[in-house]
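Q: Got a predicted model here, sequence first, then my questions.
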Amino acid sequence: MQLFDSLLYWGAPKVAFLEVTNHCNLRCVMCAHAQDDLRMEKGHMTMEMFEDAFSQCKDDIRSLCLFSAGEPLLARNWDRILQHCIENLPKGVDINFSTNGLLFTEQKILPLLGRDINITISIDGATKATYEAIRPGAFFTPVRLAPWSGKDQVRPGAVKKHGGSFERLLNNIRLINTLKDKYHTDKPSIEIAFAASRDNVTELPLIAKLAVELRAVQLVIAQRIFFNEDDFRRCSLLFARELFDENLQKAVEICHQGRPGAVKNRGGISIIHGGTYSSLIPPPEGLINRFFDMRPNGRFACRTAQEHVSIGFKGLIRACCFIDHLFMGNLNHNTMMEVWHGAHYRHLRLDISNGRFGDGCKNCPFFQLLGRHEAACLRRLNTSSYIEASPRIEQPYNIFALNSEFQGIMDDWRHGRKASKTVIEGLLRLWQQDNYLFEVANNIGVIYALTNDIASARQWIGKAYAINPLDALLQENYNEIS
């Protein structure tokens with residue numbers, strides 16, 4: 001039978017989201033930030049906080065996302081943050097950010113050229129009327145005196161304002177492509193994101209054509225999440241399933257055809273989606289396992305909770321991008337790894353593995369991939385309290401101190417310095433700290449088994465297996481003792 005050697009069960013995060021700002025220049029209808037009854041602290045990440053968060057995650061991650069909520073190009077320290085990433089990220093780590101694309105200028109684009117950067121641009125309408133209705137703001141129409149010069153010339157007497165201008169957006173994306181051609185590079189890559197609802201579902205084929213025309217490498221189609229019952233009943237695709245299926249099928253065909261006559265795009269572009277309601281078109285191969293570690297018995301682990309970390313502009317650590325739930329810790333009071341291996345993350349991950357979903361998980365949009373649209377599409381926000389940007393989230397214990405004690409106890413047992421009874425007593429003291437420590441329960445059970453107390457061994461290994469039924473070591477021990 002096998003023993004655990006450490007309480008640091010989960011590997012370091014592979015993807016880090018750094019919220020460089022949560023300010024935005026738009027009030028999109030599908031965004032939590034645009035809800036009038038949501039009260040939350042707004043601000044920009046300081047360079048001190050950014051460098052602290054960056055230094056704690058850069059050596060282990062494979063991807064750094066300079067985005068969590070808000071428009072990253074509004075960040076007060078955007079230029080310095082980007083340059084710091086370019087200069088200090090280890091080779092092979094890519095940079096990602098999601099943007100509405102309206103604030104790009106030639107000056108903002110030039111530092112991105114030739115870099116391993118992926119830009120996701122949200123376009124939730126393929127026509128001016130639909131786009132500007134979904135992404136409201138103060139609109140203006142720039143007149144360009146020279147093709148893609150990057151400098152807007154406003155008509156005499158017009159007032160220049162920021163807002164969801166469809167023309168400005170398309171001009172900015174074309175400017176990126178023009179500059180890529182000028183400097184002979186295919187980087188940064190661009191993907192288009194589209195939040196589908198009854199307001200825009202008939203434009204799915206048009207957004208596919210637009211994505212191909214704009215030389216995007218990928219089109220991502222998700223179904224819109226709603227924050228109140230009225231909008232949900234009026235706009236959710238749960239009530240227009242055939243219409244969604246019909247238009248998704250057309251969009252998939254267009255993306256696969258690609259751009260006629262363009263060698264680079266002859267094989268089409270990638271399209272990411274959750275599949276049709278009719279199951280005629282399934283999600284793309286491998287997509288479900290990008291977000292879930294699926295098991296044959298229907299259980300699954302959440303890869304976001306196990307592989308991603310989201311750090312807010314003031315150091316609040318969340319398990320994912322939900323802005324009002326799933327607070328795991330605070331970088332001002334603990335290191336990132338103390339939080340990552342701490343009790344809050346441990347309980348969340350293991351609860352999900354056992355099918356217990358807390359408030360932040362019950363309406364996860366990724367559940368759409370599992371065919372659970374009803375659970376995913378309506379998510380009520382926490383509007384009962386003001387959401388601070390840096391609340392004190394206590395860790396019930398110091399996981400690294402507990403791990404040192406655990407390893408010391410097991411080392412004494414292995415080297416015969418302490419009797420099995422004394423070792424079990426020491427492990428029971430750790431168990432009293434947190435009864436989610438399945439590693440402790442397993443080791444108690446194994447030691448009981450080696451002393452021929454089979455009844456106690458079954459009890460403790462059964463406890464460990466019930467806590468973490470997805471672990472192969474525990475499955476093997478449980479089968480052997482049963």
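A: Sure, I can see it.
Q: what about the strands in the stretch 201-350 of the chain?
A: For the stretch 201-350 of the chain, strands defined by DSSP state E, counting those that start in this stretch occupy the ranges 218-223, 270-272, 292-294, 300-302, 308-311, 316-318, 327-330.
Q: I'd like those strands written out as CSV, with mean pLDDT and distance to Ser55 added.
A: Backbone N, C-alpha and C define where each C-beta goes, glycine included. Output for these, formatted as CSV (pLDDT from 0 to 100; distance: least, Cβ to Cβ, whole Å):
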stretch, mean pLDDT, distance to Ser55
strand 218-223, 94, 31
strand 270-272, 95, 32
strand 292-294, 87, 29
strand 300-302, 87, 27
strand 308-311, 96, 12
strand 316-318, 95, 15
strand 327-330, 96, 17
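Q: Among those, which comes closest to Asp52?
A: strand 308-311 (9.3 Å; Cβ to Cβ).
Q: Within its sheet, name the partner strands of that closest one and how each one runs.
A: Paired neighbours of strand 308-311 in the sheet (DSSP bridges): strand 15-18 (parallel), strand 316-318 (antiparallel).
Q: isn't Asp116 right up against Asp94?
A: Yes. Asp116 is within contact range of Asp94, at 4.4 Å (criterion: Cβ atoms under 8 Å).
Q: list residues touching both of those two?
A: When Cβ atoms under 8 Å, 6 or more residues apart in numbering defines a contact, no residue borders Asp116 and Asp94 alike.
Q: and the worst-scoring helix or strand of the chain on mean pLDDT, how far from the chain's centre?
A: Counting by mean pLDDT, DSSP states H and E, the weakest-scoring helix or strand in the chain turns out to be helix 373-376, with a mean of 78. Here the centre of helix 373-376 is set off from its chain's centre by 18 Å, with Cα atoms, centre = their mean, to the nearest Å.
Q: ditto for stretch 435-449
A: The gap between where stretch 435-449 is centred and where its chain is centred comes out at 33 Å by Cα atoms, centre = their mean.
Q: Report the mean per-residue pLDDT for that stretch.
A: Stretch 435-449 shows a mean pLDDT of 98.
Q: contacting residues around that stretch?
A: In contact with stretch 435-449 (Cβ under 8 Å, 6+ apart) are residues 1-4, 6-7, 9, 343, 346-347, 350, 406, 410, 413, 420, 423-424, 427-428, 430-431, 454, 456-465, 467-468, 471, 473-474, 477, 481.
Q: Output that stretch in PDB with nothing but the alpha carbons.
A: Extracted C-alpha coordinates of stretch 435-449, given in PDB (Å, rounded to 0.1, in the frame of the first residue of the first chain):
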ATOM      1  CA  ASN A 435     -10.600  16.900   8.000                       C
ATOM      2  CA  TYR A 436     -10.000  17.400   4.200                       C
ATOM      3  CA  LEU A 437      -6.400  16.300   4.600                       C
ATOM      4  CA  PHE A 438      -6.900  13.000   2.800                       C
ATOM      5  CA  GLU A 439      -3.100  12.400   2.700                       C
ATOM      6  CA  VAL A 440      -3.200  12.200   6.500                       C
ATOM      7  CA  ALA A 441      -6.200   9.900   6.600                       C
ATOM      8  CA  ASN A 442      -4.600   7.600   4.000                       C
ATOM      9  CA  ASN A 443      -1.300   7.400   5.900                       C
ATOM     10  CA  ILE A 444      -3.100   6.600   9.200                       C
ATOM     11  CA  GLY A 445      -5.000   3.800   7.400                       C
ATOM     12  CA  VAL A 446      -1.800   2.400   5.800                       C
ATOM     13  CA  ILE A 447       0.000   2.300   9.200                       C
ATOM     14  CA  TYR A 448      -3.000   0.600  10.700                       C
ATOM     15  CA  ALA A 449      -2.900  -2.000   7.900                       C
END
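Q: How about that stretch, which residues are buried there?
A: 436-449 (16 or more other Cβ atoms under 10 Å).
Q: So which of those sit within helices?
A: Phe438, Glu439, Val440, Ala441, Asn442, Asn443, Ile444, Gly445, Val446, Ile447, Tyr448, Ala449 (DSSP state H).
Q: residue contacts, the nearest residue to the fourth one once chain neighbours are set aside?
A: Same thing as Ala441. Sequence neighbours aside, Ala464 is the residue nearest to Ala441 in space, at 3.9 Å (criterion: Cβ to Cβ, 6 or more residues apart in numbering). Residues near Ala464 by Cβ under 8 Å, 6+ apart: Phe438, Glu439, Ala441, Asn442, Gly445, Leu474, Asn477, Tyr478.
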